[in-house]
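Student: return a 3D structure for these sequence lines:
(chains A and B, ligands or ions: 1)
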Amino acid sequence: MPGSKIIGKVYVVGDNVDTDQIIPAKHLVYDTHSPEERKLFGKYAMSGVPEDRSGLPEGSVKFVDEGKYESVFNIIVGGKNFGCGSSREHAPLALQVAGVAAVVAQTYARIFYRNSVDGGFVMPLESVDNIFKSFATGDQVEIDLDANKITDIRTGKSFGLRSLGDAADIIHAGGLFAYARKIGMIKESDKTATKKVGANV
Amino acid sequence: MSMTITEKILAGHSGRDKVTPGENVWVDVDILMTHDVTGPGTISIFKEEFGKEAKVWDRDKVVVIPDHYIFTEDQHAKRNVVFLRDFVKDQRIDNFYDVGTSDYKGVCHVALPEEGYTRPGEVLFGTDSHTCTAGAFGEFATGIGNTDAAFILGTGKLWVKVPQTMRFVFDGELPEYLMAKDLILRIIGDIGVDGASYAAMEFAGDAVHGLNIEERMTLCNMVIEAGGKNGVIAPDQTTIDFVKSRSEKNFTPVQNDPDARFALEKKFDVSKITPLVAKPHSPENVEAAENLSDVIVDRVYIGSCTGGKLTDFRAAARVLDGRKTAVDTFIVPATTDVARGLREYKLNGKTLLQIFEEAGCRIGNASCGACLGGPDDTFGRLNGQEICLSTTNRNFPGRMGSKKAQVYLASPLTAAATAITGKITDPRKYLA
Ligand code: SF4
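Tutor: Predicted coordinates:
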């Protein structure tokens, strides 16, 4: 769980960004647990977003530069229904591997939201209004998790975020397994390493 | 007790007398299904979290069906199937439908009922978003990610937020030019791709209960395209007869309480619905087929868990019998049982396969095929700027391959009529 603030550069997309856009199906074949192949999910993260919607308002901004495995953008701002489509956990994983800490969208598709939380990949934050048009790709922003707001440092404007609600317990624990151990649903096995390869701290 | 079918199933599986929408409950799982794309990741998390020697909670409740990337030379894709093979051997899981053997089935959501894993009143999770298809059997079925699935493998349980239920009632007798695909497109066109977010979608009315099991599966299959969590159809004699013919296990059908509460009830008169098409690049861009007659297509694709079942091919054959296709037309049976049906089922003295071959169609092997694009060598994949009319469920950019391609979604009847003319065609033209 990062601190109560997330600061960084935003990558802006619109409504209904589906999981095929987040990680196209042909890249689902790599081994999520091989450190070498896992990097490829970062390389191809967001590569399915149509050119004109890649990094709004102008479009045609690559999320991950040619030859790189990580993005210079660590926050994604979208609109409605982010992550709709398939159940592939590769989607939030790809964002995490690319270096994304949080997504801010007005609403999420259920499975993407759940995968993000249960797998502890990225923080799915809900904005009160649909705010993607208020940001430009590359803007520096600050997310304040205690005050539930996102502020565009360039314009100084702030927008409200919803509180995490009942997902907070799992997010704060760091994912479903950590949470289940905490509440005693599964016993701590003799294994000590329960953290995922490359998990966000 | 005023609960809906979905609420009752979740209450029964979490040891409660009553649950209310919005509550989180831990439910006991009856069946967990996984496939070649999401299975390996699930297994890796399971081993990482429960230890290398850990055993799954109940090997009879785990079903492994490779179906996505099967007929490809892609080495990574092939390796995923090997991974599944090793796991089921190690865990002594018998419910495995291996590639290249006589057990091989094809698309998981169609294979599950064929093999008797779907039963009224049960809870089924699968690592695939279209797991909601099984709601057609009056059970709670939904798609989950790898972490959740790994958790189930170790514990047999998962937390679920109880969804509210939205009810869609189709009154009247279904005209012969309409299929379940038209009904679900009507709903998605009306409520949008997030219109049922987090909700259960129940389908009811004479027209729904008049549908056969495969058509009911098509309705429930696409609830995810409206953002729904699960689809459900109250079990009736059709459901019970089908399930009993496939499964030996006892089951308890669950019905809505008379005073069950619905978040919304929407009624449709089926005689007012005409064949529909969802235009690129969203299942909610719904338009009457008759208004799209100037759209020229390069290709027609009939396949997938939505539109590749025997009922779908029987419908397409009704239109294609004795006619020729004007554009490349791909026929991809969902499962090997459906493929056998193509060879055995006859219409006007000819098998469906003969009808399709004489019409000039190309026939593929049972699998997901080009429904989700897949590796570049996938049969029917859209590799360029093709315009395709497809019986699948999603037309997001790049879903069937290239993001430059355009996909229109429609019923198998509309697909077959379109294959004949090369333009989007209302099937009523050929059903008179
Ligand atoms: S046929 Fe298509 S929608 Fe159905 S399981 Fe396969 S890829 Fe998914």
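
Student: so A:Y179 makes contact with A:A168?
Tutor: No: between A:Y179 and A:A168 there is no contact under C-beta atoms under 8 Å: 10.5 Å. The C-beta positions use only the backbone N, C-alpha and C, and glycine is treated the same way.

Student: between the two, who's got more neighbours?
Tutor: More neighbours surround A:Y179 than the other of A:Y179 and A:A168, with 20 against 12 (other C-beta atoms under 10 Å in any protein chain shown).

Student: which element, helix or strand, includes that one?
Tutor: A:Y179 is part of helix A:176-182, with elements assigned from DSSP states H and E.

Student: what do you get for A:E142?
Tutor: Going by DSSP H and E, A:E142 is in strand A:140-144.

Student: centre of the chain to that strand, how far?
Tutor: Computed by C-alpha atoms, centre = their mean, to the nearest Å, the chain-centroid distance of strand A:140-144 equals 15 Å.

Student: hey, where'd the strands end up in the stretch 101-250 of chain B?
Tutor: With DSSP state E, counting those that start in this stretch as the criterion, the stretch 101-250 of chain B has strands at B:123-126, B:140-143, B:157-161, B:165-171, B:200-204, B:230-232.

Student: can you get me the start-to-end distance on stretch B:196-203?
Tutor: End-to-end distance for stretch B:196-203, by C-alpha to C-alpha, to the nearest Å: 13 Å.

Student: one more: stretch B:68-84?
Tutor: 13 Å.

Student: wait, does it contact chain A?
Tutor: Yes: shown here: stretch B:68-84 in contact with chain A (C-beta under 8 Å from any C-beta of the partner chain) through B:Y69, B:D74, B:H76, B:A77, B:R79, B:N80.

Student: closest to chain A among those?
Tutor: For the residues of stretch B:68-84 next to chain A, the closest approach to chain A (C-beta to the nearest C-beta) belongs to B:H76, at 3.6 Å.

Student: per-residue confidence at that closest one?
Tutor: B:H76 is assigned a predicted lDDT (pLDDT) of 91.

Student: surely it and A:K26 touch.
Tutor: No: counting by C-beta under 8 Å, B:H76 stays clear of A:K26, with 9.8 Å between them.

Student: who's more crowded, those two?
Tutor: Using other C-beta under 10 Å as the criterion, B:H76 and A:K26 rank with A:K26 on top: 23 against 17.

Student: the helix holding A:Y179 and chain B, are they touching?
Tutor: Yes: using C-beta under 8 Å from any C-beta, helix A:176-182 comes into contact with chain B via A:L176, A:F177, A:A180.

Student: contacts only, for the second one.
Tutor: The contact partners of A:F177, taken as C-beta atoms under 8 Å, 6 or more residues apart in numbering or on different chains, are A:I186, A:T194, B:E49, B:T147, B:F151.

Student: ok, A:D65 to chain B distance?
Tutor: Applying C-beta to the nearest C-beta, to the nearest Å, the value for A:D65 to chain B is 19 Å.

Student: which ones are touching that residue?
Tutor: Counted by C-beta under 8 Å, 6+ apart, A:D65 has contacts A:V72.

Student: pull the CA atoms of stretch A:72-87 into CSV?
Tutor: Output in CSV follows, covering the C-alpha atoms of stretch A:72-87 (Å, rounded to 0.1, in the frame of the first residue of the first chain):
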residue,chain,number,x,y,z
VAL,A,72,6.7,7.3,-18.0
PHE,A,73,3.0,7.6,-16.9
ASN,A,74,2.2,6.2,-13.5
ILE,A,75,-1.5,7.3,-13.3
ILE,A,76,-4.2,6.6,-15.8
VAL,A,77,-7.3,8.8,-16.0
GLY,A,78,-10.3,7.3,-17.8
GLY,A,79,-14.1,7.8,-18.0
LYS,A,80,-16.9,5.4,-17.6
ASN,A,81,-16.8,1.6,-17.5
PHE,A,82,-13.0,1.2,-17.4
GLY,A,83,-11.7,-2.3,-17.9
CYS,A,84,-14.9,-3.8,-19.5
GLY,A,85,-14.6,-7.0,-21.4
SER,A,86,-12.7,-10.1,-20.5
SER,A,87,-11.8,-11.5,-17.0
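
Student: tell me if it is near the ligand.
Tutor: No: taking C-beta under 6 Å from any ligand atom as the criterion, stretch A:72-87 and the ligand are apart, separated by no less than 7.1 Å.

Student: quick one: is that stretch near chain B?
Tutor: Yes: applying C-beta under 8 Å from any C-beta, one finds stretch A:72-87 touching chain B at A:K80, A:N81, A:C84, A:G85, A:S86, A:S87.

Student: still on that earlier bit, of the residues of stretch B:68-84 next to chain A, buried ones?
Tutor: With neighbours counted using 16 or more other C-beta atoms under 10 Å in any protein chain shown, those contain these buried positions: B:Y69, B:D74, B:H76, B:A77, B:N80.

Student: B:A77 contacts B:D36, correct?
Tutor: Yes: contact status for B:A77 versus B:D36: in contact at 7.4 Å, counting by C-beta under 8 Å.

Student: shared neighbours, these two?
Tutor: B:Y69.

Student: looking at A:L164 now. What's its pLDDT?
Tutor: 89.

Student: which residues does it contact?
Tutor: A:L125, A:I171.

Student: can you give me phi and psi for it?
Tutor: Phi and psi for A:L164, reported as degrees, to the nearest 10, are phi -70, psi -10.

Student: distance of it from B:D94?
Tutor: 42 Å (C-beta to C-beta, to the nearest Å).

Student: and B:N365, by the same measure?
Tutor: In terms of C-beta to C-beta, B:N365 sits 24 Å off from B:D94.

Student: looking at the two, which one has more neighbours?
Tutor: More crowded of B:N365 and B:D94, by other C-beta under 10 Å: B:N365, with 14 against 11.

Student: ok, the least confident helix or strand in chain A by mean pLDDT near chain B or not?
Tutor: Every helix and strand in chain A was compared by mean pLDDT, DSSP states H and E; the lowest is helix A:168-173, with a mean of 93. No: judged by C-beta under 8 Å from any C-beta, helix A:168-173 makes no contact with chain B; its nearest approach is 8.6 Å.
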